[in-house]
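Novice: Next input, structure requested:
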Amino acid sequence: MHTPFFPALRPRLAALGKRVQHLRQQSLAHLEQLVGSWLPPGLLSQSEEGPNSRDRIYSLRRTFFAFLYQVLNPDCPCREIVRQVQALFGLQGQGPVDQGTSAYCQARKRLPLDTLQRLRVALAAAAEKTAQLWHGLRVILIDGTTTSLPDSPKNQRAYPQPGGQKPGCGFPLLKLVALFSLGTGVLLDYAKGNKHHHELRLLHRLLDQFKPGDLAVADRGFSSYVLLGLFFLRRVACLFRLHQARPADLRRGQRLGKNDRLVVWHKPQQKPRWLPQSWGKKIPGQLSLRVLRFKLCRRGYRPESVTLVTTLLDAKEYPAQDLAQLYARRWQIELWFRSIKTSMGMEVLRCRSPQMVHKELEMFFIAYNFIRCLMAQAAALHDVPLERLSFKGTVDSVRQFSIAIAQAPSKKKQKQLMAQLLEVIACDQVPERLGRREPRAVKRRPKPYQLLNRPRHLMKELPHRSKYRKTS
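Specialist: The predicted structure is shown next:
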């Protein structure tokens, strides 16, 4: 900006021009200042060919951060994003923006799925740099969950509703099997399927994520000879809870310690249907495994006996007590699923087509890994335990500090606000609640509406509302 007649005003006007240029380039959610350092450079930039190649209102970068804003703000409709665009363009003095949400929804549909997957992997890799190993092994937790989808014909065809629900009265069900890092809590990878896909079949798609030197930890649902054999071929250690269908007689086998035995399992004659024939022939005929038992004591309850099976055979290098304490930390994956589904709202998705459901899932996992990156950075900087940091508190802090960081007048002020954000995250710790138990009960009563127990076009409304609850 040139001021030949008033040179004294040039510094002030030049700074104003820089702020206006920054306003034109910034994203709607003000999150780019926080996430940008962990994302691969140029991945969200406009290209001459491909999606969002034109100079659109909803560019690739702006659409991505707007979608991320929706994920971090539960119950945020697309209309609110459109209103943000209108406010931004009105502040710049540019032309009017259409009030409808069709353009933004089409922009979300143009987001490349492979780009979103690369962003999720990049955030997970950034958080893994601060991960701590367990006895020199990277611990990966495995578990499955489900999420509900809107009742649309496309979703029903791809992810049918459970068989116990009547047609027109249920919702499509999407099944997930995810891998989490115990050191940082980030989601490494996941596989999705419908109700006809077994969790072991979905896990078979994720075996390439395991490297030699990893330790897989899962509950009894994944404790099978075939899975142990597949991990053995990849030189990956395992720690599973023993399946309830397999007897655990600790009087047999080589004694390694109290309630600690070295046993030999033999390959079953029948191959699972989900396992390819080529892999079935590679599995060894027998495996030497270690079976140990410990008692889980909780105040006010009888001790519960837990039996584990592992491929870590060295009792001196991997004591039974350390293995028991490690398996007790497996419950962290249940809390991480709760953070994604309950705190972030992924329990019920909103997109009405499988194509958009897959992108919505990726956006949820990108937002989750982003929050875990901030938590890992705050824990390492302020020397606090990562497990004690509040996930919901971090999300609330990010929503407020991101706006202040985007409006900071200088980079120095942005760094100060970023340091303050990490300090706030480190101070927001969840208190230790040993032995706490909260029953799954609802205190607030639902409204006395009639239950939809048949298709909507066949449903008849009762004239007396007081009799709604008495109908079947």
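Novice: all strands of the stretch 51-200 of the chain, in order?
Specialist: Applying DSSP state E, counting those that start in this stretch to the stretch 51-200 of the chain gives strands spanning 138-148, 173-181, 187-193.
Novice: Which of these sits closest to His266?
Specialist: Closest to His266 of the strands of the stretch 51-200 of the chain is strand 138-148 (Cβ to Cβ; 24.2 Å). Placement of C-beta: from N, CA and C, glycine included.
Novice: For that closest one, C-alpha coordinates in CSV please.
Specialist: Provided in CSV are the C-alpha atoms of strand 138-148 (Å, rounded to 0.1, in the frame of the first residue of the first chain):
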residue,chain,number,x,y,z
ARG,A,138,4.3,-50.2,21.2
VAL,A,139,0.9,-51.2,22.7
ILE,A,140,-2.1,-51.1,20.3
LEU,A,141,-5.6,-51.6,21.8
ILE,A,142,-8.3,-53.3,19.7
ASP,A,143,-12.0,-53.1,20.1
GLY,A,144,-15.3,-52.7,18.2
THR,A,145,-18.3,-50.5,18.4
THR,A,146,-21.4,-49.5,16.4
THR,A,147,-23.0,-46.2,15.4
SER,A,148,-26.5,-45.4,14.1
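Novice: Next, the angle from that strand to strand 173-181.
Specialist: Orientation of strand 138-148 against strand 173-181 (axes from the mean of the first three to the mean of the last three Cα atoms, to 10 degrees) gives an angle of 160 degrees.
Novice: for strand 138-148, packing partners?
Specialist: Contacts defined by 3 or more Cβ pairs under 8 Å, 6 or more residues apart in numbering; DSSP states H and E place strand 138-148 against strand 173-181, helix 199-204, strand 214-218, helix 332-338.
Novice: Go again with 7 Å.
Specialist: strand 173-181, strand 214-218, helix 332-338 (3 or more Cβ pairs under 7 Å, 6 or more residues apart in numbering; DSSP states H and E).
Novice: count of residues packed around Pro77?
Specialist: Using other Cβ atoms under 10 Å, Pro77 has 11 other residues around it.
Novice: shaky segments in the protein?
Specialist: 1-29, 46-55, 298-301, 435-437, 464-472 (pLDDT under 70).
Novice: Longest helix of it, counting residues only.
Specialist: helix 354-382 (DSSP state H).
Novice: in that helix, what counts as buried?
Specialist: For helix 354-382, a neighbour-count test (16 or more other Cβ atoms under 10 Å) marks 354, 356-380 as buried.
Novice: Any chance of the helices and strands packed on strand 138-148 in TSV with distance to Ala131 and mean neighbour count as columns?
Specialist: What follows is these, written out as TSV (distance: least, Cβ to Cβ, whole Å; neighbours: other Cβ atoms under 10 Å):
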stretch	distance to Ala131	mean neighbour count
strand 173-181	6	22
strand 214-218	12	24
helix 332-338	13	16
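Novice: can you list those in TSV and add distance to Thr101?
Specialist: Below are these laid out as TSV (distance: least, Cβ to Cβ, whole Å):
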stretch	distance to Thr101
strand 173-181	24
strand 214-218	42
helix 332-338	30
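Novice: Nearest to Gln86, out of the ones you listed?
Specialist: strand 173-181 (33.9 Å).
Novice: Trp336 touches Leu182, doesn't it?
Specialist: No: between Trp336 and Leu182 there is no contact under Cβ atoms under 7 Å: 10.1 Å.
Novice: thinking again about what came up before, output the contacting helices and strands for the very next helix or strand once past the longest helix of the chain.
Specialist: The helix or strand immediately downstream of helix 354-382 is helix 391-406, counting by DSSP states H and E. Helices and strands touching helix 391-406, by 3+ Cβ pairs under 7 Å, 6+ apart, are helix 32-35, helix 60-72, helix 354-382, helix 411-427.
Novice: Would you mind measuring from the nearest residue to Asn73 once chain neighbours are set aside to Ser37?
Specialist: Closest residue in space to Asn73, ignoring its immediate chain neighbours: Arg399 at 6.7 Å, by Cβ to Cβ, 6 or more residues apart in numbering. In this view, Arg399 and Ser37 are 19 Å apart by Cβ to Cβ, to the nearest Å.
Novice: Compare these two (neighbour count), which wins?
Specialist: Applying other Cβ under 10 Å to Arg399 and Ser37 shows that Arg399 carries more neighbours, namely 15 against 10.
Novice: Run a quick neighbour tally on the residue nearest to Ser397 when sequence neighbours are not counted.
Specialist: Nearest non-adjacent residue to Ser397, counting by Cβ to Cβ, 6+ apart: Val424, 5.2 Å away. Using other Cβ under 10 Å, Val424 is surrounded by 17 other residues.
Novice: do the same with Ala406
Specialist: 20.
Novice: what separates the spatially most central residue of the chain from Leu68, distance-wise?
Specialist: For the chain, the residue nearest the mean C-alpha position is Phe365 (4.2 Å; Cα atoms, centre = their mean). Separation of Phe365 from Leu68 (Cβ to Cβ): 11 Å.
Novice: Quick one: the helices and strands packed on helix 391-406 as CSV, columns for distance to Ala315 too.
Specialist: As requested, the helices and strands packed on helix 391-406 are exported to CSV (distance: least, Cβ to Cβ, whole Å):
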stretch, distance to Ala315
helix 32-35, 45
helix 60-72, 46
helix 354-382, 32
helix 411-427, 38
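Novice: on that earlier part again, could you dump the strands of the stretch 51-200 of the chain into JSON lines with distance to Val263 added?
Specialist: Shown next, in JSON lines, are the strands of the stretch 51-200 of the chain (distance: least, Cβ to Cβ, whole Å):
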{"stretch": "strand 138-148", "distance to Val263": "23"}
{"stretch": "strand 173-181", "distance to Val263": "28"}
{"stretch": "strand 187-193", "distance to Val263": "31"}
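Novice: Now Phe67: closest residue in space, sequence neighbours ignored.
Specialist: Met363 (5.2 Å).
Novice: dump the residue contacts of the one you found.
Specialist: By Cβ atoms under 7 Å, 6 or more residues apart in numbering, Met363 lies in contact with Phe67, Leu68, Val71, Leu116.
Novice: can you tell me how far the first one sits from Lys211?
Specialist: In this structure, Phe67 and Lys211 are separated by 31 Å, where distance is defined by Cβ to Cβ.
Novice: Surely the residue nearest to the centre of the chain is in contact with Val186?
Specialist: No: between Phe365 and Val186 there is no contact under Cβ under 7 Å: 9.2 Å.
Novice: isn't there a helix covering Leu239?
Specialist: No: going by DSSP: H, G, I helix; E, B strand; the rest coil, the assignment for Leu239 is strand, not a helix.
Novice: i'd like the first residue to be 269 from this point on
Specialist: With the count now opening at 269, the last piece we talked about shows up as Leu507.
Novice: Kindly tell me how buried it is, as a neighbour count.
Specialist: Neighbours of Leu507 (other Cβ under 10 Å): 24.
Novice: Dig out what it forms beta bridges with.
Specialist: When bridges are called by DSSP bridges, Leu507 pairs up with Val485, Thr578.
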